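Asks: Pasted the sequence and its predicted model underneath.
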Amino acid sequence: MARDPQYADPQRYIELVGFEGGWRDLFWNRDFLAFTASRLGFDQVSEVLDVGCGAGHWGRALLPHLPAHAQLVGVDREEAFFELAREQTDPSRTRFLAGTAEQLPFDDASFDLVTCQTLLIHVADPAVAIAEMMRVLRPGGVLLAAEPDNRAGNLALLGGEPRPSNEDLLAIMELLLRSETGKAALGEGDQSIGARLPGLFAAAGLHGVVAHTNDRCISLYPPYERPDMLVAIEKEREWMRQDVSILCGSREDAWRFYEAAGGTPEAFDAGWAAVRRWMQAVDAGIEAGTYHAARGFVMYLVAGWKPSSNG
């Protein structure tokens, strides 16, 4: 029998992806975003669309780097996120509408900048979403996507001290790779889409495609006193209590994906036990003041320009 994903419940999704408590603010350094704004010509932008805006984090991160007159519209299929988004953004510069990446509720050529963060990892066909975002982008405008390569990023997360044993690392990676395969098979997205974005942008007809990696690490080392470290530790401990891992989300959703890829309950249980051992070792190491890791994660910023009408 088909089971609804945990993230189908809006409130549960808010918990699973860290919309509250400042955890998503750990994604970006402000000076890096300022540099990105300079590279991509944000000073020429007036109308911005944030696709799959959720609770508005990405738009909120970009607004300080846009001209004071610039207006931002956030679109998401789930209207339940908008109350939180409105609480956290400037109402004089933002508004939020229901819609999907595959069918945006706007006329052609409506925006100077169309952007998304961790959206394309969740869509069945990213090429369709990219084409729709290009449709509402003005000629000469910028399409910008911030998307992870979770396959590479999870290996980086597992590289701290103490590290999992080689046997546990193999079990964890088997679980993660099979779950990634199952998620794609269910039409729920590609967890490592970031690595494929430059080619997808070029194939869609965008010009001057560029790709950069984020400069932020969610590093942890004793005595764990920096505010960002405290936010990360609190969130990951909260997730662990709920049988949720920063590597792959909730146990229930990981099993859905694993099963869809042909995995057996016994093999999944062995992999999840290895995930739990790693989480418990990290938690015990923090408690003892011995855990340390750079914890780099692989987030790509990929941008391209829509050809102008005169070519």
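Replies: On my side now, so go ahead.

Asks: Given the longest strand along the chain, what are its sheet partners and their directions?
Replies: Ranked by number of residues, the top strand in the chain under DSSP state E is strand 137-148. Paired strands of strand 137-148, with direction, are strand 111-117 (parallel), strand 299-305 (antiparallel) (DSSP bridges).

Asks: And the average pLDDT for the helix or strand following it is what?
Replies: Proceeding C-terminally, strand 137-148 gives way to helix 150-157 as the next helix or strand, assigned by DSSP states H and E. The average pLDDT for helix 150-157 rounds to 94.

Asks: So which elements touch helix 150-157?
Replies: helix 166-185 (3 or more Cβ pairs under 8 Å, 6 or more residues apart in numbering; DSSP states H and E). Using the backbone N, CA and C atoms, a C-beta is placed for each residue, glycine as well.

Asks: Buried residues of the helix it packs on, list them for me.
Replies: 168-169, 171-184 (16 or more other Cβ atoms under 10 Å).

Asks: same thing with stretch 232-246?
Replies: Those would be 232-233, 235-236, 239-240, 244-246, for stretch 232-246 by 16+ other Cβ under 10 Å.

Asks: do the same with stretch 182-197
Replies: Counting neighbours by 16+ other Cβ under 10 Å, the buried set in stretch 182-197 is 182-184, 186, 188-197.

Asks: With only the CA atoms kept, save it in PDB.
Replies: Extracted C-alpha coordinates of stretch 182-197, given in PDB (Å, rounded to 0.1, in the frame of the first residue of the first chain):
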ATOM      1  CA  GLY A 182      14.100   5.100  -5.000                       C
ATOM      2  CA  LYS A 183      13.300   8.800  -4.600                       C
ATOM      3  CA  ALA A 184      13.900   9.400  -8.300                       C
ATOM      4  CA  ALA A 185      11.900   6.300  -9.200                       C
ATOM      5  CA  LEU A 186       8.900   7.600  -7.200                       C
ATOM      6  CA  GLY A 187       9.100  10.900  -9.100                       C
ATOM      7  CA  GLU A 188      10.100  12.900  -6.000                       C
ATOM      8  CA  GLY A 189      13.400  14.300  -7.200                       C
ATOM      9  CA  ASP A 190      17.200  13.800  -7.500                       C
ATOM     10  CA  GLN A 191      19.100  14.400  -4.200                       C
ATOM     11  CA  SER A 192      22.300  15.200  -6.100                       C
ATOM     12  CA  ILE A 193      20.800  17.400  -8.900                       C
ATOM     13  CA  GLY A 194      23.300  20.200  -8.200                       C
ATOM     14  CA  ALA A 195      26.100  18.400 -10.000                       C
ATOM     15  CA  ARG A 196      24.000  18.200 -13.200                       C
ATOM     16  CA  LEU A 197      22.700  21.800 -13.300                       C
END
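
Asks: which other residues reach that stretch?
Replies: Applying Cβ atoms under 8 Å, 6 or more residues apart in numbering, the contact partners of stretch 182-197 are 5, 120-124, 126, 145, 147-152, 180, 211, 256-261, 263, 298-300, 302.
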